[in-house]
Each structure stands twice: as structure tokens, then as C-alpha cells.
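# Sharing a model prediction with you, sequence too.
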Amino acid sequence: MAKNILDFEKPIIELENKIEEMKKLEGHLDISSEVNTLEEKVNLLKKNIYDNLTDGSGSARSPPGTSVYSGLHIHDYREFF
């Protein structure tokens, strides 16, 4: 199943894919320090990106059609029981 990737997630996905490619080569080459460096970089990138999302970006993964309800407010609430 294809994963929907949002624009702000693309740099993260690209780095994670690169890390996976490099891990496949670790048995043949000594690149563990480079892999560790990239893993630290992707963690920092995730923190920077997700810490700076706006409210609109944070709801980007809501199911289709739910944005219609986000503007509705309950003004007159009555308990039924």
C-alpha cells in the first residue's frame, strides 16, 4: 500500500530511505559512523519540522471531509439525560 507523503515530510523520507540503503551495505563496508550521523540528522530534522508545523499542517492527516466540521461551533448545548 502506497503511503501518502506530505510535502514537509519528503526530506525526512529521503533521509530514511538513504539510511536503509546504507544499512544494506554495512555488512560489506564499515559505514556505521556515517549511518549514525544520518540517523542523528533525521531525528533533528523531524524535531525541527514537527515542532514548527502550523495548526493547518498538523491536521493534514485528518480523514477527507472532516475539515467541514472544523469551523462549526456549538453555541447552545443541552444535556439530553
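Nice, thanks for sending it over.

# from here on, contacts and neighbour counts on C-alpha atoms
Noted.

# count of residues packed around Ile19?
19 (other C-alpha atoms under 10 Å).

# residues contacting the residue nearest to it when sequence neighbours are not counted?
Setting aside the residues directly before and after it, Ile19 is nearest to Val35 in space (C-alpha to C-alpha, 6 or more residues apart in numbering), at 6.1 Å. For Val35, the contact set (C-alpha atoms under 8 Å, 6 or more residues apart in numbering) comprises 19, 22-23.

# Look at Leu29 and give its secondary structure.
Following DSSP: H, G, I helix; E, B strand; the rest coil, Leu29 is assigned to coil.

# okay but Glu16 is in contact with Lys41, surely?
No - judged on C-alpha atoms under 8 Å, Glu16 makes no contact with Lys41 at a distance of 10.0 Å.

# Would you mind measuring from Pro11 to Asn52?
Distance check for Pro11 against Asn52: by C-alpha to C-alpha, to the nearest Å, it reads 15 Å.

# Which one's more surrounded, these two?
The neighbour count for Pro11 versus Asn52, taken as other C-alpha under 10 Å, is higher for Pro11 (14 against 11).

# Quickly note the distance from the more buried one to Lys18.
The spacing between Pro11 and Lys18, counted by C-alpha to C-alpha, is 11 Å.

# as a whole number, average confidence for the lengthiest helix in the chain?
Taking DSSP state H as the assignment, the helix of the chain that covers the most residues is helix 32-51. Regarding helix 32-51, the rounded mean pLDDT is 91.

# quick one: average confidence on stretch 15-26?
Mean pLDDT, stretch 15-26: 90.

# Give me the contact list for it.
Here stretch 15-26 makes contact (C-alpha under 8 Å, 6+ apart) with 31-32, 35, 38-39, 42.

# Out of the residues you listed, the closest to Lys3 would be?
The shortest distance between Lys3 and any of the contacts of stretch 15-26, using C-alpha to C-alpha, involves Val42 and amounts to 18.7 Å.

# Please list only the buried members of the contacts of stretch 15-26.
The neighbour count (16 or more other C-alpha atoms under 10 Å) marks 35, 38-39, 42 as buried among the contacts of stretch 15-26.
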